[in-house]
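Chemist: Kindly return the folded structure for what I paste below:
(chains A and B)
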Protein chains: 2
Amino acid sequence: MNEPTTDSWVEGATGSPFDVDNLPYGVFSLPGEEPRVGVRIGDHVLDLSPVAASEMLDVHQAFQQPTLNALMAEGRAVRQSLRSWLTGLLTDETERDLVEPHLVPLADVELHLPVAVGDYVDFYASLEHATNVGRIFRPDAEALLPNWRHLPVGYHGRGGTVVASGTEIVRPCGQRKAPGDDAPTYGPSTRLDIEAELGFVVGTGTALGDRVGVDDFADHVFGVVGLNDWSARDIQAWEYVPLGPFLGKSFGTSVSHWVTPLEALDAAWTDLPGQDPEPLPYLAPDRARGLDIDVEVVLNGEVVSRPPYASMYWSPAQMLAHLTVNGASVRPGDLFASGTISGAEREQRGSFLELSWGGQEPFGDGRTFLEDGDEVVLRYTAPGTRGGRIALGEVSGRIAPART
Amino acid sequence: MNEPTTDSWVEGATGSPFDVDNLPYGVFSLPGEEPRVGVRIGDHVLDLSPVAASEMLDVHQAFQQPTLNALMAEGRAVRQSLRSWLTGLLTDETERDLVEPHLVPLADVELHLPVAVGDYVDFYASLEHATNVGRIFRPDAEALLPNWRHLPVGYHGRGGTVVASGTEIVRPCGQRKAPGDDAPTYGPSTRLDIEAELGFVVGTGTALGDRVGVDDFADHVFGVVGLNDWSARDIQAWEYVPLGPFLGKSFGTSVSHWVTPLEALDAAWTDLPGQDPEPLPYLAPDRARGLDIDVEVVLNGEVVSRPPYASMYWSPAQMLAHLTVNGASVRPGDLFASGTISGAEREQRGSFLELSWGGQEPFGDGRTFLEDGDEVVLRYTAPGTRGGRIALGEVSGRIAPART
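Modeler: You can find the predicted model right below:
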């Protein structure tokens, strides 16, 4: 990619986390108008459809849609040429008269769920998280199960309850049974939690029976979202054997408004920490690479954890190769997530379950799990191609009381 | 419902499994034309859109769609009044001139996947199946896990790989590890299996945070499909701890072309075999009812099993109430399935895993798991409201060799 060497003429963009080397896509609306596709530059949204139409680009119809799906389905080459075109528009002073009328201040728009989510798969790709959870949920057994180092463990979540950042999360009710209780009871979850994750959005699909090779990641993934996989640990602990998490996760999964295209992360790729044993050939890329993305978990305005995505054991390309190795097809809008990002240190853990060690070791101001009214914001930054750091879309959510 | 007391004028319908008390919906196309909605009567498909348009019914636009989703979203009252209208058309000789030009012989049409599937949830509602699988997969532990009698255990499957009856199933590849092996290997599944199930299709959705009460099933479910949840037991056994089945199931799930509307099953409701302990109140309906549906598993033309749906422990209404008790929303097109239907007798087991007891006790002509070229057909019948038996949509699939 030709990354911009000149500054943007858009006021406030240069040097900001949404500089011209970022350019995430989202879906916005103005009061009384239909949602459509925009790109973020500084603190503005560029309304793409009229600009593309005036330049007679075929893709302008995809920009009129209320989700990014049609745009994403255009594929990698279109995504890359759009990026070059946008960079030109936003750095070339001679384009200013054309473009500036279609720049809308962020404060004036409503942002929406950017993607019509198809299937949602959640992985479990952090060695530290899997080890911590194993120790907490199964204290009498080996923390890491025998398959964990051989394949990226994952499961299907509920695509229909993926919601946009800012959506209120109602405390779920359900069955839970404490170890000492004779029988389960019904009621609001008392161990409501977050999972700080990174999500990957599929742009180019496959046919049933095909596979995505471990080196073909960028041909199929459009970009990255911030993701909070809200979890009710008491419901989960009771229900999850033998078929996995279900209602403990399906009441809401929040994603960022902005989808950062893969090309904005060109400077963020980094070597994986290392894999032992060596993965089977279908999971062994030419070079196994993770992403150097820093995450902040912010609870009611205070940073309570800084999970490092670079510490993840399994790479995004390995996750997608595994997901499709059995011939399962993917579609534009499919979403797969990393699983909780936890580093080796306590203050790098990506869930309250781990930060409070199953509720036994309160953290921060005496916190174990989420209380009604709590607001959690996940923030993400990565190295940009201009030397600074770009911001990925943040994910926020506030806990509303249970509806009993 | 007013069920028809007079015979249909459509030749061959009366007394057939697709008599006027059945009337399942599907999506069909004629050569060179777009798929649209039809209803089956005898060995014909009634092309609904032109008939509805000529009678100025608003719903005719839903009949022009390539899936049943828009029709299903119209809700229970519309579904019921359509049924009365159709019954009148098909039994009243004076309607014959209007209707007959739009009856197309089944042999002339192509049938399609009837529903754009949103989320797909698979339950595990047969006591006999869960007990058998527990014994086979975990011989050293209690067969039934502690939660099983307290809640309908379920998990999310892959909505994007739900395919129409008749779609070829390619033998999946993946990782598997035999108990004696040191490390997993990659290759085609050697323990490919079926699961004979019943699927329930949601018509009327809910908002995030709402619940479907256990007595409100018929307000939200449109109808029933036959369903084969193809399973690769070797892949599943290696991957499924701790997050549940993933690639062992996600390569394909076949559903029938026909969706039987709930009203066609009015005579099929029956008491559940009994639940002990009594379920928590949110799972306790005024009257817990299952469905008296008989299933046949046909392998290469021979019936190898006859699973009785009436033996299921958890009811469909309990499954939906559980699925939504945490506030998870449902959408038109969401699909949830019963899990494998297995009765108490060996010849009533709904999977090859059980029929061959984990491959140790060959059945039929020495069979354990599926071989390339095998064709499996699941057939379903239920009591109809006219005294005979109606047929639900059958589900077929043939195994194609792995693509290595």
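Chemist: Report pLDDT for the closest residue to chain B within the stretch 101-250 of chain A.
Modeler: Going by Cβ to the nearest Cβ, chain B is nearest to A:Gly244 of the stretch 101-250 of chain A, at 2.3 Å. Glycine gets a C-beta too; all of them are placed from N, C-alpha and C. For A:Gly244, the model assigns a pLDDT of 96.
Chemist: Using the three-state scheme, assign it.
Modeler: Reduced to three states with DSSP: H, G, I helix; E, B strand; the rest coil, the structure at A:Gly244 is coil.
Chemist: Which residues are in contact with it?
Modeler: Going by Cβ atoms under 8 Å, 6 or more residues apart in numbering or on different chains, A:Gly244 touches A:155, B:155, B:240, B:242-245.
Chemist: Distance of it relative to B:Glu239?
Modeler: Distance, A:Gly244 to B:Glu239, using Cβ to Cβ, to the nearest Å: 10 Å.
Chemist: before we move on, what about A:Trp9?
Modeler: Distance, A:Trp9 to B:Glu239, using Cβ to Cβ: 52 Å.
Chemist: Who has more neighbours out of the two?
Modeler: B:Glu239 (27 against 19; other Cβ atoms under 10 Å in any protein chain shown).
Chemist: hey, where'd the helices end up in chain A?
Modeler: A:48-54, A:60-63, A:69-73, A:76-91, A:96-99, A:127-137, A:217-220, A:233-239, A:316-324, A:352-355 (DSSP state H).
Chemist: what about the fifth one, distance to the chain center?
Modeler: Right, the one you point to is helix A:96-99. Its chain's C-alpha centre and that of helix A:96-99 lie 33 Å apart, by Cα atoms, centre = their mean, to the nearest Å.
Chemist: Likewise for the longest one?
Modeler: Here the centre of helix A:76-91 is set off from its chain's centre by 23 Å, with Cα atoms, centre = their mean.
Chemist: again with stretch A:213-233
Modeler: The answer for stretch A:213-233 is 6 Å, by Cα atoms, centre = their mean.
Chemist: what is in contact with A:Gly244 and B:Glu239 at once?
Modeler: Joint contacts of A:Gly244 and B:Glu239 (Cβ under 8 Å, 6+ apart) are B:Pro245.
Chemist: Which phi and psi values does A:Glu142 adopt?
Modeler: phi -60, psi 130 (degrees, to the nearest 10).
Chemist: So which residues on the stretch 51-200 of chain A come close to chain B?
Modeler: Contact residues (Cβ under 8 Å from any Cβ of the partner chain) of the stretch 51-200 of chain A with chain B: A:118-119, A:121, A:124, A:134, A:137-138, A:145-147, A:150-151, A:153-161, A:163, A:167, A:170, A:172-175, A:177, A:183-186.
Chemist: wait, doesn't A:Leu198 sit right on A:Ile341?
Modeler: Yes. With contacts counted by Cβ atoms under 8 Å, A:Leu198 reaches A:Ile341, the gap being 6.8 Å.
Chemist: Which of those two has more residues huddled nearby?
Modeler: Neighbour count, other Cβ under 10 Å: between A:Leu198 and A:Ile341, A:Ile341 has more, with 33 against 24.
Chemist: Tell me which residues touch that one, please.
Modeler: A:Ile341 neighbours (Cβ under 8 Å, 6+ apart): A:126, A:129, A:196-198, A:295, A:307-309, A:311-312, A:350.
Chemist: Go through the residues of the stretch 51-200 of chain A next to chain B and flag which are in strands.
Modeler: Among those, DSSP state E puts A:121, A:154-157, A:163, A:170, A:173-175, A:185-186 in strands.
Chemist: Please name the nearest non-neighbouring residue to the residue of the stretch 251-400 of chain A found nearest chain B.
Modeler: Going by Cβ to the nearest Cβ, chain B is nearest to A:Asn326 of the stretch 251-400 of chain A, at 3.7 Å. Using Cβ to Cβ, 6 or more residues apart in numbering or on different chains and skipping residues adjacent in sequence, the residue nearest A:Asn326 is B:Pro172, 3.7 Å away.
Chemist: Please apply the same query to A:Leu113.
Modeler: A:Ala164 (4.0 Å).
Chemist: Need the pLDDT of the closest residue in space to A:Ala391 that isn't next to it in sequence.
Modeler: Among residues not flanking A:Ala391 along the chain, A:Pro17 sits closest, at 3.4 Å (Cβ to Cβ, 6+ apart). We note a pLDDT of 98 for A:Pro17 in this prediction.
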